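[1] Build me a structure from this.
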Amino acid sequence: RLCLHTTILIPTQQEENDNDDDDDGDGGDDDSASSSQSTTPKKLHFLTTHLSLSERARWKTLQQIGEYIKGLEGPVILTGDFNNPIGSNIHPLDPTEILGEAGMRDAFLEAGYGGPGQRGMTFPSWGPTKRIDAVYVRGVSVSDFELLGSGSIECHPALPSAGECCNRYNGLFASDHLFPVAHISF
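    Model prediction:
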């Protein structure tokens, strides 16, 4: 699995000034001073991935994703579980470095955050110590970054059921990862 890719077409409007009193030929004055006209929509490429636990497979997949992104025109957003410490000086494989070759930037850093403990840790959700989930962008501006899913959605005093992500107090979480959210514009 490489990544999922969706192209989102965003309609654009072009303003035209109307200085004539009667463009529509009805004999009366037109009330509006300008009109809108649809133009070719902008393309926004949205991709998401979930990388392997194997470091060799992650490295190969990141290279393939980077090459794929290089071939895309226009703004790109890539989200995912990279199963690898992001921005780590002690880990030899850094997704930010590999994806940077395709012009991608880490939205967490673009929003002005960085360093341990600064809202970027995503795993495990009940006590995050690693940043392995991320949003990467190209051709967009990032105004803010936040993480969702930090609280349990249900508490059970009994033992956890199979498949549920629980902490040692049996809290039920939506996922074992927090959800990174980047606020963007383009």
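[2] ok, and the closest non-adjacent residue to residue 146?
    residue 181 (5.0 Å; C-beta to C-beta, 6 or more residues apart in numbering). Heads up, the C-betas are built off the backbone N, CA and C, glycines and all.
[3] Give the buried residues for whatever helix or strand that neighbour lives in.
    Under the criterion of DSSP states H and E, residue 181 resides in strand 179-185. Residues of strand 179-185 classed as buried by neighbour count (16 or more other C-beta atoms under 10 Å): 179, 180, 182, 184.
[4] what mean pLDDT would you report for it?
    Averaged over strand 179-185, pLDDT sits at 91.
[5] just to revisit the earlier point, from the buried residues of strand 179-185, pick the one nearest residue 101.
    Nearest to residue 101 among the buried residues of strand 179-185, counting by C-beta to C-beta, is residue 182 at 20.4 Å.
[6] Just want to check the distance between the nearest residue to the closest one once chain neighbours are set aside and residue 41.
    Distance criterion C-beta to C-beta, 6+ apart; nearest residue to residue 182, sequence neighbours excluded, is residue 107 at 3.7 Å. For residue 107, the distance to residue 41 equals 23 Å [C-beta to C-beta, to the nearest Å].
[7] more neighbours, those two?
    residue 107 (25 against 11; other C-beta atoms under 10 Å).
[8] can you pull the contacts of the more buried one?
    134, 135, 136, 137, 142, 145, 180, 182, 184 (C-beta atoms under 8 Å, 6 or more residues apart in numbering).
[9] mind redoing it with 6 Å?
    135, 137, 142, 145, 182 (C-beta atoms under 6 Å, 6 or more residues apart in numbering).
[10] The chain: strands as residue ranges?
    Along the chain, counting by DSSP state E, strands occupy 4-17, 34-50, 76-81, 105-106, 133-138, 141-148, 154-155, 165-166, 171-173, 179-185.
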